[in-house]
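Asker: Sequence and computational prediction follow.
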Amino acid sequence: MSIPLNLIISESKVERGLLNAEPPTRPNIAVVYSTGAGQVASFGGRPLKRSEQLFSQYRFRYDVDMSDHRRRAELRSTPLPARGDYYFFVATVDVMFRVHDPVEIVRRAVHDPLPIVYGHIAGRLWNITRGFDIEDSAKAESAARQAFSQPVTLPEGLQIGGVSVQLLPDAQASDYLQKKRAAERALQTGDAEHQVNVQKAMQQAQLSQMAQVHQLQARQAELTAMGNGPLSAHEMARRHLAGNPQDTAHVMHLLMEHERAMIERQDGTNQRVTDFVKFMMQSGVIPPGDFDRFIGAAAGQLGLPGGPPAALTAGAGWSHAPVLPPAGPQPVVPAQAGPPVAEKPEAVILQQDPATKVWRPADGVQPMYLMVDESTAAAPYISDLSDGVRGLLGTLAQASDIAPAIRLSVLGFADGVATRLPLDQVTAASQSPWLITRGDADYAGAFETLLDQITPDIEALKQQGLKVLRPVVFLLSASAPGDDGWRAQHRRLVDPAGHRYAPGIVAYGVGEAAAPVVAAMATRPEFGYVMTAGTDVHTAIDQSWRALSRDIIAAGRALVSGSPALTVQPPTGFRLAGEPV
């Protein structure tokens, strides 16, 4: 707790006697006088002269401390919110101040100036820190130094000459930042380890490939040295024994068994051919004069001696294609005769359905602003409003046919306007915002913020070469404005004569929202809706989100189809705000 500081050092009555001279003063003290009627005056800070004292109307004297004062304090009782009002800064303030107007000090009876000085500093810092994320304490400090770079004169007669501010996250924010930094370091470490593992895998694959190539080259050199002939049984035996001479007895036994089997097979084939020919001759099918020609042709087909060589002889060796074909052109192997192979049907190429429309940049984009009530009147329904925003973003992200055509911004309004989602295309990577209740609804400020925000947003889209449609504002209101002060800003926002990008406004009213106000905020009679009497507010909010999602998707598809139009369907449980009841 700060030690109080008393600026009015002393108070005394003014004596009128000839022998009662006013006490002298010090250089850092200013003397102020007041009459019995409460009038206050100072004569350059000096005491009254004897002649002035004798006939003076002033009855009381006050000695005011004009010294420079310096104090250092930590504003723990007034935590300063960061952007989003979720995390807070703790400020340590080093301030220098002095009395600027001693008469005002006496008039206002300012004994302890510290609450006034700290209150002014905290109020200005509050507005500054809300523009920065909790990670940007250094930037917020710089903005605070800039704000207090010139002396500030207060109406209470004080002047703040210099302010030095140090901002640090509070305990909850510090814990969040530490966890975030740890997660970022873990990601960086994981990325580095992954790169090392990938490099090792690539190097190992390269070594394996080199070993395989070397092995294939060695095998090919071995085959070339051995004549590179077809792999008959004798050739396979010879190659095996070249590297494994200890298997000679076993390999020779297998080779003899193979030869015996081949001879027995050939003998059986010859006997069956002979029996077949004899039967044909005895049956008169083969004339005796054609015996030699017939037996030669039959032997040739079966690969027997006495006929032309066959294309494939029983017992002949076989060969396999290498695992990796050698470089260079390969010999063309003629196809063997056989039954004709059925031709494959021609591939069917599916053309894109002409009725299917795909968004192109030339179709343009539709800017949409979602203004959601975050005032204290909406506090009982804030979770429904937050869930609705997240559901809407998920629905738009899944509607891939129209998502590129929509640019959506989410703004929360109460005693100020907070940008929860800047104007951008909604994708699966879009971050769902959270809504936070805070203060009374300032509709005038909300419309003024829209007026300031829409123009730079539209110009930025045009600089991207896009055709931009007139923006649309969807307003979800759960509170009533305190007065009609919002109407002037509303007219400036929607008047095409003064606002080049004047938007259309679709307004939904729930809870405390009054039907006449909702009807006045909507730019067309069919654009203003309020919940019907007896409808549950939570159900009404859910139905308004459903209708909003449906209308936005319908507008996007109308744009893609080449006929942009906004058609608003009333949510279930709502009626037109301008409809008499």
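Answerer: On my side now, so go ahead.

Asker: Low-confidence regions, the stretch 1-150 of the chain specifically.
Answerer: The model of the stretch 1-150 of the chain has pLDDT under 70 over residues 1-2, 17-21, 51, 54.

Asker: for it, what spans make up the strands?
Answerer: With DSSP state E, counting those that start in this stretch as the criterion, the stretch 1-150 of the chain has strands at 8-13, 29-35, 40-41, 58-65, 69-74, 80-81, 88-99.

Asker: Just checking: what are the partner strands of the third one?
Answerer: So the one you mean is strand 40-41. Strand 40-41 has its sheet partners listed here by DSSP bridges as strand 29-35 (antiparallel).

Asker: Check the first one too.
Answerer: Here the strand partners of strand 8-13, with direction, are listed using DSSP bridges: strand 58-65 (antiparallel).

Asker: The partner strand: how far from the chain's middle?
Answerer: 64 Å (Cα atoms, centre = their mean, to the nearest Å).

Asker: What are the contacting residues of it?
Answerer: 6-14, 22, 25, 28-36, 41, 47-48, 99, 102, 105-106 (Cβ atoms under 8 Å, 6 or more residues apart in numbering). Backbone N, C-alpha and C define where each C-beta goes, glycine included.

Asker: can you do 7 Å?
Answerer: 7-14, 25, 28-36, 99, 102, 105-106 (Cβ atoms under 7 Å, 6 or more residues apart in numbering).

Asker: Now do Thr532 against Ala577, distance only.
Answerer: 11 Å (Cβ to Cβ, to the nearest Å).

Asker: ditto for Ala173
Answerer: 42 Å.

Asker: before we move on, what about Glu264?
Answerer: 104 Å.

Asker: So the two - more neighbours on which side?
Answerer: Ala577 (23 against 10; other Cβ atoms under 10 Å).

Asker: pLDDT wise, what is Asn304 at?
Answerer: Careful, residue 304 is Leu and not Asn. Leu304 is assigned a pLDDT of 50 by the prediction.

Asker: Which residue ranges of the stretch 451-581 of the chain form strands?
Answerer: Taking DSSP E, counting those that start in this stretch as the criterion, the stretch 451-581 of the chain carries its strands at 472-477, 504-509, 528-531, 574-576.

Asker: export the ones you listed to JSON lines and tack on distance to Val410 and mean neighbour count?
Answerer: Below are those laid out as JSON lines (distance: least, Cβ to Cβ, whole Å; neighbours: other Cβ atoms under 10 Å):
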{"stretch": "strand 472-477", "distance to Val410": "10", "mean neighbour count": "25"}
{"stretch": "strand 504-509", "distance to Val410": "15", "mean neighbour count": "24"}
{"stretch": "strand 528-531", "distance to Val410": "20", "mean neighbour count": "27"}
{"stretch": "strand 574-576", "distance to Val410": "21", "mean neighbour count": "18"}
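
Asker: export those to CSV and tack on distance to Leu125 and mean pLDDT?
Answerer: Converted to CSV, the strands of the stretch 451-581 of the chain look like this (distance: least, Cβ to Cβ, whole Å; pLDDT from 0 to 100):
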stretch, distance to Leu125, mean pLDDT
strand 472-477, 31, 97
strand 504-509, 35, 97
strand 528-531, 40, 96
strand 574-576, 43, 95
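
Asker: Now do the residue nearest to the spatial centre of the chain against Leu392, distance only.
Answerer: By Cα atoms, centre = their mean, the chain has its centre lying nearest to Ser430, at 3.9 Å. Counting by Cβ to Cβ, the separation of Ser430 from Leu392 is 11 Å.

Asker: Likewise for Tyr62?
Answerer: Applying Cβ to Cβ to Tyr62 and Leu392 gives a distance of 64 Å.

Asker: just the buried members of the contacts of strand 58-65?
Answerer: 7-8, 14, 29-34, 99, 102, 105-106 (16 or more other Cβ atoms under 10 Å).

Asker: Show me where the chain has its helices.
Answerer: 50-54, 102-107, 114-129, 137-147, 171-225, 233-243, 248-282, 291-302, 382-398, 443-463, 486-494, 515-521, 537-560 (DSSP state H).

Asker: Of those helices, which is nearest Met368?
Answerer: helix 537-560 (6.5 Å; Cβ to Cβ).

Asker: Pull the distance from the closest one to the chain's centre.
Answerer: 23 Å.

Asker: what residues go with each domain of the protein?
Answerer: As assigned by automatic domain parsing, the chain contains the domains 8-169, 243-302, 361-576.

Asker: And the last one, end to end?
Answerer: In domain 361-576, first residue to last residue: 36 Å (Cα to Cα, to the nearest Å).

Asker: Where does the prediction get shaky in the stretch 351-500 of the chain?
Answerer: For the stretch 351-500 of the chain (pLDDT under 70), the answer is 351-357.

Asker: Which residue is the nearest non-sequential neighbour of Thr455?
Answerer: Tyr501 (5.8 Å; Cβ to Cβ, 6 or more residues apart in numbering).

Asker: picking up where we left off before, for Asp68, which of the helices of the chain is the nearest?
Answerer: Here helix 114-129 is closest among the helices of the chain (Cβ to Cβ), at 12.8 Å.

Asker: Which per-residue confidence value corresponds to Asn228?
Answerer: Confidence score, pLDDT, at Asn228: 63.

Asker: can you check the one 5 residues further on too?
Answerer: With respect to pLDDT, Ala233 scores 74.

Asker: Go ahead and confirm it touches Met256.
Answerer: No - counting by Cβ atoms under 7 Å, Ala233 stays clear of Met256, with 10.7 Å between them.

Asker: Of those two, which one has the most company?
Answerer: Just comparing Ala233 and Met256: by other Cβ under 10 Å the higher neighbour count belongs to Ala233, 16 against 10.

Asker: ok, now which ones touch the closest residue to Pro433 other than its chain neighbours?
Answerer: Excluding its sequence neighbours, the residue lying closest to Pro433 (Cβ to Cβ, 6+ apart) is Arg420, at 3.5 Å. Neighbouring residues of Arg420 by Cβ under 7 Å, 6+ apart: Val410, Leu411, Gly412, Pro433, Leu435.
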